[in-house]
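Undergrad: What shape does this take:
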Amino acid sequence: MSGHGTPIPMTSRPCGPLKGEAHVPGDKSISHRSLILGAMAVGETKITGLLEGEDVLDTAAAMRAFGAEVVNHGGGEWSVHGVGVGGFSEPDQVVDCGNSGTGVRLIMGAMATTPITVTFTGDASLNSRPMGRVTDPLALFGTQTVGREGGRLPMTLVGAANPVPAHYTVPVPSAQVKSAVLLAGLNAPGETVVVEKEATRDHTERMLQGFGATLTIDQTDEGRVITLTGQPELRPQTIIVPRDPSSAAFPVCAAIITPGSDVLVPNIGLNPTRAGLFATLQDMGADLTYENQREEGGEPVADLRARFSPNLKGIAVPPARAASMIDEYPVLSVVASFAKGVTDMQGVKELRVKESDRIDAMAKGLRAAGVAVDEGPDWWTVTGLGHGKVPGGVTVASVLDHRIAMAFMVMGMATQKPMTVDDGSPIATSFPIFESLMGGLGAQLVRANTA
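TA: A predicted model of the protein is given here:
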């Protein structure tokens, strides 16, 4: 599938029990950061288990454009010969980041304090998304930006020739913004400080320390204060990428709502800044357990076992949990449709500015499928119908968003009638083996509008 080509309608039919092991791809967040930090280190970084979806491949291409040698050795084995902090070359062409908001924002941060000029673009979805939330703090370093109205791509960044360190308080929880500022701070003298009022996924901090940067984290009355000392020489690393909890969400949630299912999802990263969905599912009464808990490469890992859970109940999801599961709310709303009672999701305005307005996209699709949804600027509720009572039988818009498409494909496995999305092609950006993996468990997914 391609997120940039001809639309591919996809239908998910109600199916029998899902059984077996679901070997989901490598973590997308860690894959992006492995390539970028590898390119900013001096020497060869070796990566095992890299996610080879389009988003990450676009980041690999960008690092090549900046002068790093990025080699795919096959089987998820990659190497990056870095050029050092401040060593990026000016690309000859426009840098196309495809569908990836994470990729473009992190790359902008990484180049922002190097005196090069770079023009970024993406697909229709990415080009509709505002970039000011990243370019505004990058301006504190001396970076200049020229873009379309509303701060949208295509956009040209002129890196700061004489960068100064920044002190920035992130206005809304966003690991992308925090990470962009920290990456920019690498090539600024002195100390760059980022303050988070609410903690977000901390892969960037963990990996910066692993690559040899001097970074401290303090919990204060102001919030979580991250201080980075600029202009280090980053050391190359050997990285084993854990499997992506955001991808694991789909087979896990599918098993929970599909009668008779028992699915094991091995080797899932359970970083506490990423695992909010699994705690939420357990709170709803899902039969979800952790097996073989361990630590790999500084990240907690376990095997997840998910079984059909016929007595799910709606809950109020703690708002403090939002940052640790922001990408999982679309598929959580599908699970909520099969619960009894109201699932209340608060403090989630970040969903309005993802690959799509995910609250709007899911609300429209769920309502069409017979589920009641209420929504506001930073909240939404789903009133579940209970197991076996969700009608389905409609075609919904994926709005060029991989997680919307996969969420409705999961929904169709347990609705009374099939669910169809108008375009499943964006799934390839993050989960290129989604169809084959789910089919191997027993799902009935077809690339045709046959609902």
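Undergrad: Count residues in the vicinity of residue 267, would you?
TA: 20 (other Cβ atoms under 10 Å). (Each C-beta comes from the backbone N, C-alpha and C, glycine too.)
Undergrad: what separates stretch 326-346 from the chain centre, distance-wise?
TA: Put simply, stretch 326-346 sits 18 Å off its chain's centre (Cα atoms, centre = their mean, to the nearest Å).
Undergrad: Please apply the same query to stretch 367-377.
TA: 24 Å.
Undergrad: okay, how far is it across it, tip to tip?
TA: End-to-end distance for stretch 367-377: 18 Å, by Cα to Cα, to the nearest Å.
Undergrad: what mean pLDDT does it have?
TA: Across stretch 367-377, pLDDT averages out at 97.
Undergrad: contact partners of that stretch?
TA: Applying Cβ atoms under 8 Å, 6 or more residues apart in numbering, the contact partners of stretch 367-377 are 333, 337, 349, 352, 359-360, 362-363, 366, 380-385, 390-394, 396, 411, 415, 419.
Undergrad: and the closest residue to residue 216 other than its chain neighbours, bridged to which residues?
TA: Counting by Cβ to Cβ, 6 or more residues apart in numbering, residue 216 lies nearest to residue 227, which is 4.9 Å off, once chain neighbours are set aside. As for beta bridges, residue 227 partners with residue 193, residue 216 under DSSP bridges.
Undergrad: ok, residue 227 - how many residues close by?
TA: Residue 227 has 18 nearby residues by other Cβ under 10 Å.
Undergrad: swap in residue 17?
TA: With other Cβ under 10 Å as criterion, residue 17 counts 15.
Undergrad: for residue 398, helix, strand, or coil?
TA: coil (DSSP: H, G, I helix; E, B strand; the rest coil).
Undergrad: In which helix or strand does the closest residue to it other than its chain neighbours reside?
TA: In space, and not counting its chain neighbours, residue 398 is closest to residue 405: 3.9 Å by Cβ to Cβ, 6+ apart. Residue 405 belongs to helix 402-411 when assigned by DSSP states H and E.
Undergrad: got the CA coordinates for that helix in CSV?
TA: Only the C-alpha atoms of helix 402-411 are listed here, as CSV (Å, rounded to 0.1, in the frame of the first residue of the first chain):
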residue,chain,number,x,y,z
HIS,A,402,-3.5,5.5,9.0
ARG,A,403,-4.8,5.2,12.6
ILE,A,404,-8.4,6.1,11.5
ALA,A,405,-8.3,3.5,8.8
MET,A,406,-6.9,0.8,11.1
ALA,A,407,-9.4,1.6,13.9
PHE,A,408,-12.4,1.1,11.6
MET,A,409,-10.9,-2.1,10.2
VAL,A,410,-10.7,-3.4,13.8
MET,A,411,-14.3,-2.3,14.4
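Undergrad: for that helix, what is the average pLDDT?
TA: 97.
Undergrad: tell me how far the next helix or strand after it is from the chain's mean position?
TA: Using DSSP H and E, the next helix or strand after helix 402-411 towards the C-terminus is strand 419-421. Taking Cα atoms, centre = their mean, one finds strand 419-421 lying 22 Å from the centre of the chain it belongs to.
Undergrad: Strand 419-421 packs against which elements?
TA: Here strand 419-421 touches strand 10-13, strand 395-396, helix 402-411, going by 3 or more Cβ pairs under 8 Å, 6 or more residues apart in numbering; DSSP states H and E.
Undergrad: Can you tell me which of those is nearest to residue 72?
TA: With Cβ to Cβ, the closest approach to residue 72 among these belongs to helix 402-411: 21.7 Å.
Undergrad: For the closest one, which helices and strands make contact with it?
TA: strand 10-13, helix 245-257, helix 329-337, helix 358-368, strand 419-421, helix 434-441.
Undergrad: can you redo those as a markdown table with mean neighbour count?
TA: Listed next are these as a markdown table, based on neighbours: other Cβ atoms under 10 Å:
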| stretch | mean neighbour count |
| --- | --- |
| strand 10-13 | 23 |
| helix 245-257 | 28 |
| helix 329-337 | 28 |
| helix 358-368 | 22 |
| strand 419-421 | 28 |
| helix 434-441 | 19 |
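Undergrad: Tabulate these (TSV), appending distance to residue 210.
TA: Putting the helices and strands packed on helix 402-411 into TSV (distance: least, Cβ to Cβ, whole Å) gives the following:
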stretch	distance to residue 210
strand 10-13	39
helix 245-257	19
helix 329-337	30
helix 358-368	31
strand 419-421	38
helix 434-441	29
